[in-house]
Structure formats: C-alpha cells, structure tokens
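>>> could you look at this predicted model? Sequence included:
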Amino acid sequence: MEGGYGWVVVFATFLINAIVQGVVASCGILLNVLLDQFKEGKAITGWIPSLLGGLLLAVGPFSSYLISRSSCRSVTVLGGFIAVIGCLISSLATSVRFLIFSYGIVTGFGFGLLYLPQTIIVAEWFKETRSTATGIGLSGAGFGAFIIPPISQYILKEYGWSQYFVLSSVLVSGCCGLGLLLRPNPEINALMEKSAGIPQPAPLIASHFLRDPAFIIYCVSTGLFSGSYRIPFSFLPDYAVRQLSSSKDQAAYLLSYLGIASFLGRLLGGVVGDRQRHRRFLVFLILIVLSGVSVVAMGFADSYTTLAVCSLGYGAASGGRVALNSIILADIFGLPALTQTFGLVCLVQGISIFFGTPVAGWLADLFGDYRTSFILFGTGMMCCSSVLTMIPVARRSTISGYGERKVSWILRILPCLVIPFLLGGAPTVKSLQTPVLKPNIIFIFADDMGWNDVGFHGYNEIRTPNIDRLASEGVILNGYYTQYMCTPSRSALMTGKYPIRTGLQHYVLRIAEPRGLPLTEKIMPQYLDEAGYKSHMIGKWHLGYSQKQMTPTLRGFESFFGYYTGQNDYFNYTPTAGVGAQGEYLAFDLWDNLQPARNSIGRYATELFTEKAVGIINSHDYKDPLFLYLSHLAPHYANAYDPVQAPQKYIDRFPGIANEGRRKYAGTFLVKLLCVSFPVFFGCFWITIFSLYAAAFPHSTG
C-alpha cells in the first residue's frame, strides 16, 4: 500500500493545492485593489474572500457525496472546470456584487470540489506514513501561497484586475489535467469489495455523527478556529498599507511569508505526526494555541517587521494544524469514516469562514482599523484548544491510543487564563490605534482649460470620461473660486489668500519681471510639511524667480521639475516674449530642481510631466503622506509663432473638427486626458482635491 504510484498522487495533490490555495491567498491583495476600484466598504467587499474561502470548505459534504458515487479523479476535474468558468466570468464584473457571485460563489464552489479529494486520495494510498504523505500534499498550499501572491501583485499592478481573473482561469485549468492523475488505490477497492460486497454510496449527510458528542465537540472547536483562519490572509495586506504605511509590494510579501511558513509547517506537522503518533493530539492542541497567539500579536504589531514575524509564526502553526486535521479525524473516528467526517467538518469550517471575514471587516469599519478584529478573533482561535481538550474525556474508552494518555492540564487552562486579559484589553484597543492615515494628495492643475471643454458641462467633441467620473463622484465647485489669470490664481492656491492680499491681483508676472510672491508669505507645502507631508512639484510655477529664494525648492517643495515662466514651448522649452510675428527667443526654461534639464529637449511637455509624476508616486516612501502638485502646461498658449502645439498623432484623432486651431487644441487636450487620467487618476493613491486645503487653511477667506 505504501509508496509506488501513491507518490505520483501526492505530487498531483501538491500542485493542485498550490494552485487553489495560492489563488485564495491572493485575495488579500485583490481585496485592496477592489476597495480602491469599486469604493465599497470592507464589510461587503469582504464577502468575496469570505465566500471563496468558505465554499472551499463548505462544499465538503456534497464533494464527499460525489466521491462516494464516482471517484476523487472525476470530482477534481469537475471542480477545476467550474472554477475556470467562475474566473472567466469575473473578468467581466461591473460591481462588487457581481464578483460576490462570480468569484465568491461560482469559483468558490469549484474550489470546494477540488479541496476534499486531495486529502481523501492520499489517505487511501498510505498507512504507516500517512501523516507525512498528507503533510507533503497539503504543503502545496503553503508553497502556492508563497509563490502566487507576488505574481498576483505584479499582474494586478501592470494589467489590472480584469486581466488578473483571465490569467487566473488559465492557471486553474491546470487542476483539470492534474486531476486525471488521481487514480484510486486498487488495493483499497478490492478490500472494500471483499469485506462488504459492492459498496453502497454514502448519504449526503451522515446523521449518526451529528449525535456523537465527540464529533460535536470537534466541530465546535473547528468552527471557532476556522472563523479566524482566513482573516490574516484576507486583511493583512490592507492592514499593512493603511495602518502601518507599508508599500503594496511589501504588503504582498506578507502573504508570501505566510505561504512559505505554512509550507514548512505542513511538512513538519506531517513528519511530527508520524514520529509522535501517540502524542500528535497534544501537538495538534499546541499548534492551535500558537496560531491564536500569532493572530493576537498581529493586532498589537506596530511595525512591518513585527507583522512579518507574526505572519511567519501564524503560517507555521496554522499550517501544521491543517496537516494534522484529517489525521486526527481518522484517529478518532476511523479511516473508513474519513470521507464523511472530513466532509462534515469542512462544512462547519466553511460556514465559519462565511461569517468570520465579513464580521472582521465590519469591526474594521466600525473601529476605524483592523487591530480590534485581529485581537478578538485571535482570542477566539485560542479558545479552540480548551474546547478540543474535552474530546479525550468524552471518548477515552473508544479512542485508540488516547486511553492511557492525558492532555496537559496546563494547556487546557492556559487559554482560559489569557482570554480575560485579552478581552479586557480589546475595548482599550482604541488607545493603541495609530492615528488615521492622512490622505495622499495629487493636485492636478489644468492651465487655461475652457469651461465647455469637459463632458460634465455638456460638451461632446472632446470626450472626457475619467474627468466626468471624478466630477460625478466628487465635488464640483461652480462659484467664483479662482481668478482668470495664471499668477493671481496660483497665488491664491498657494497661500489661501485673495491675490489682493499678496499684491499679485492685477496681472500675470511677465517674463524676467523682477518680483514674485512675497517671501513673507507661508505657502501650501510649508503648511503640509508641518503636518508630516513630503511635497513635490511638477510643471508651471509662475510665482517669480528673480531671486533664488522665490523658487519652489526653497519654498517648501522637496523637488521641482518644471518651468518658472507663464508660457513655454511644448518641445524645446524656450518661451518667447511675443514681440513681432515670430516672437523673441529668450533663455531655456526647464529645470530639474535648480539645474537646467536640457536632456529633456524634444520630449512633449504633457507626456514628460506625467512620466515624472508617475515616477514620484512609484518611488514615494509610504511611511509619509504625499503631496504632489502637478501643474500642467496644457492646454495653455505656447508661443507667438506656434500658439497651440500637440503631436500630430493626437491631432489626427479629431477629423470632425473643421477649425484647424480648435483641432490642434483638441489634440493638446487629448494628450492631457491620456496622460493624466490613466496613470495618475487610477494610480497608487487616493486623490483628494481641495478638501484638505480647506481644512488646513481656515483663514483662506482672506
């Protein structure tokens, strides 16, 4: 019975578990993207990973029923096919509720059919080394959770969530081919036929187990554990990003830490289970306690490093516990009943996961952070060991190997001693919370854009869908909030004062005019610096440069890439004074901090400025909030000899506009839409315009 083709089965189950659990583990990264994309709360969005992980287990009895009527091989292939369909449908999602059905329910149901056969088929092929073989097969889940989340992060970042679902369907389709390798053990089949004749299919629900006190105790303990099990996988990335100011790439690695630790924990759990056969129930209890302690510690973590260490601890402990789950069931209730008992236990686990993740999300919404959720659910996980210790008492005369052995009373009462302390601390978690993160701000300034150049004002010649969406979901300021010229409006923006208060109310600063915004004025980046922000500026300044102290990097901005004057050539960055038909050439005006940026000559200004903005966003240290002032040249006048400039490929997109100047203007505007809307509006940050400024500068009414 040992070895032989059984190791091919173990290899196939290893890969299937790697694919399924790797995709499920990536839900934490996906959740972070979906929260930003669909703007729904954590509670409702949390139903997606909850259903995916819950159905993975809750389908257990039905999967068990199908296995009894067919085989592990056919059920695995069917589950893989359904999961592929669910992923493909999810790529077409238009809302969170759509994804709850397509990904949470359909894909989750397919994964549920895939899960149970992997444990059952390995148990059929091994006896003496069953725990080790099961641990190796289940360790694929940890391997997948280590490898797949960083790949998922890359796909979501580079290609978006829709393509992520398409590529996931391709990966999951591999389970169908691997399922064909799950050949039944002919010795087991022959033995069953010899002992009981033609085997009768098992009922969907084995009701006699529901009357067994030991089984009920096991299910209660399992339910408490499973309600918390998926929470770190679902919320750790968002927790790290929003509360510990980690980058999204760092957050993705937390799932990899969980994965590799789970991989090692499942392997070691299986080996220890075989070598400590008469003590593996005690090992099982210890692993449960360590899992709960790790989750509680996550709630108290105050740094990314601490969270990473907790992730490693939780992955190893929970992985070892998962590896021994089916082995303990077989020890207590016998191998012939494993299909039915494991299926029912999976149902209990799935129901617990259904409610565990949304409740944790609801608590996070209620308290404003994830700490309370981790502490409370980790405490509940520790309770599992106390409940489970009653099984040897209830079944002492019938459980093989446990009759003469007592579970340590210290371990039995330890959770009871710790739980009151933790529950007493939970209401005071608010005192441990980090302050609510300050929003990152990207302020995008359009220069001389016409009132009727955007779709939300009724104009349809130049389509502006992303700006229209920002308008519909945000606030439109239609009153007289700004001036009609460059310098006065920028003066008001930077100081929060009417231009008459700064002496810049009459007209724009002309080229080489020896004055500017008074140095006595404190401006926006200086205020934000006091609030902990890192401020950067790209584009047009136009508030004076006759003294070095008037330039952006000496007035609060940490970096500046742009130009000082009011107008500029979009390609060679040489403004003209507008003298004569051709204008008068003046000095080169494009600066990287205080140095001329001559290597950018020939680059179109709108594309260049957007590239610099995206670079700042991607390289920003998430520990500090960001203020990015992106002040585009477009669609402002360029030069007297060529007032409206745009690459020809963009101008050619508007053949329906008869006026040549208007057609060029549309091309200029289109570049701005393409460069600003996609890389910046849907980039790494929440975009907050005006609101923080109004709150920070209450004196702005003059």
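In hand now; what should we look at?
>>> right, and residue 638 touches residue 572 too?
No. Judged on C-beta atoms under 8 Å, residue 638 makes no contact with residue 572 at a distance of 10.1 Å. C-beta: built from backbone N, CA, C; applies to glycine.
>>> any buried residues in the helix or strand where residue 175 lies, and which?
Counting by DSSP states H and E, the element that carries residue 175 is helix 174-179. Using 16 or more other C-beta atoms under 10 Å as the test for burial, helix 174-179 gives 175, 176, 178, 179.
>>> tell me the contacts of the residue lying closest to the first one once chain neighbours are set aside?
Yep, that's residue 175 we're talking about. Using C-beta to C-beta, 6 or more residues apart in numbering and skipping residues adjacent in sequence, the residue nearest residue 175 is residue 80, 3.6 Å away. In this structure, residue 80 makes contact with 110, 114, 172, 173, 174, 175, 176, 179, judged by C-beta atoms under 8 Å, 6 or more residues apart in numbering.
>>> regarding residue 80, what is its secondary structure?
Following DSSP: H, G, I helix; E, B strand; the rest coil, we place residue 80 in the helix state.
>>> got the confidence number for it?
Looking at residue 80, its pLDDT stands at 92.
>>> of residue 638 and residue 572, which one has the most company?
residue 638 (22 against 15; other C-beta atoms under 10 Å).
>>> name the SS class of the more buried one, please.
Each residue gets one of three states, and residue 638 gets coil by three-state DSSP.
>>> what's the closest non-adjacent residue to it?
residue 645 (4.7 Å).
>>> ok, the one you found to residue 20 distance?
54 Å (C-beta to C-beta, to the nearest Å).
>>> between these two, who's got more neighbours?
Using other C-beta under 10 Å, the more surrounded residue of residue 645 and residue 20 is residue 20, with 28 against 24.
>>> which helix or strand contains the residue nearest to residue 285 when sequence neighbours are not counted?
Ranked by C-beta to C-beta, 6+ apart and with sequence neighbours excluded, the top spatial neighbour of residue 285 is residue 385, at 4.6 Å. If you go by DSSP H and E, residue 385 is part of helix 371-388.
>>> mean confidence for that helix?
Computed over helix 371-388, the average pLDDT equals 80.
>>> tally of neighbours for the residue nearest to residue 285?
Residues near residue 385, counting by other C-beta under 10 Å: 26.
>>> related to what we said a few turns ago, what distance do you get for the residue nearest to residue 638 to residue 446?
Taken as C-beta to C-beta, the span from residue 645 to residue 446 is 16 Å.
>>> now swap in residue 37 and tell me
Note on residue 37: its distance to residue 446, by C-beta to C-beta, is 25 Å.
>>> same question for residue 641.
Counting by C-beta to C-beta, the separation of residue 641 from residue 446 is 24 Å.
>>> residue 29 now?
Taking C-beta to C-beta, one finds residue 29 at 34 Å from residue 446.
>>> residue 509 contacts residue 543, doesn't it?
Yes. Using C-beta under 8 Å, residue 509 is in contact with residue 543, at 7.3 Å.
>>> which residues do these two both contact?
Common neighbours of residue 509 and residue 543 (C-beta under 8 Å, 6+ apart) are 487, 516.
>>> if you drop the residues flanking it in sequence, what lies closest to residue 573?
Per C-beta to C-beta, 6+ apart, closest to residue 573 is residue 590, 3.9 Å.
>>> quick one: contacts for that neighbour?
Residue 590 neighbours (C-beta under 8 Å, 6+ apart): 562, 563, 568, 573, 596, 597, 598, 600, 601.
>>> just the buried subset of those residues, written out for PyMOL, thanks.
Buried members of the contacts of residue 590, defined by 16+ other C-beta under 10 Å, are picked up in PyMOL with:
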select buried, resi 562+563+568+573+597+600
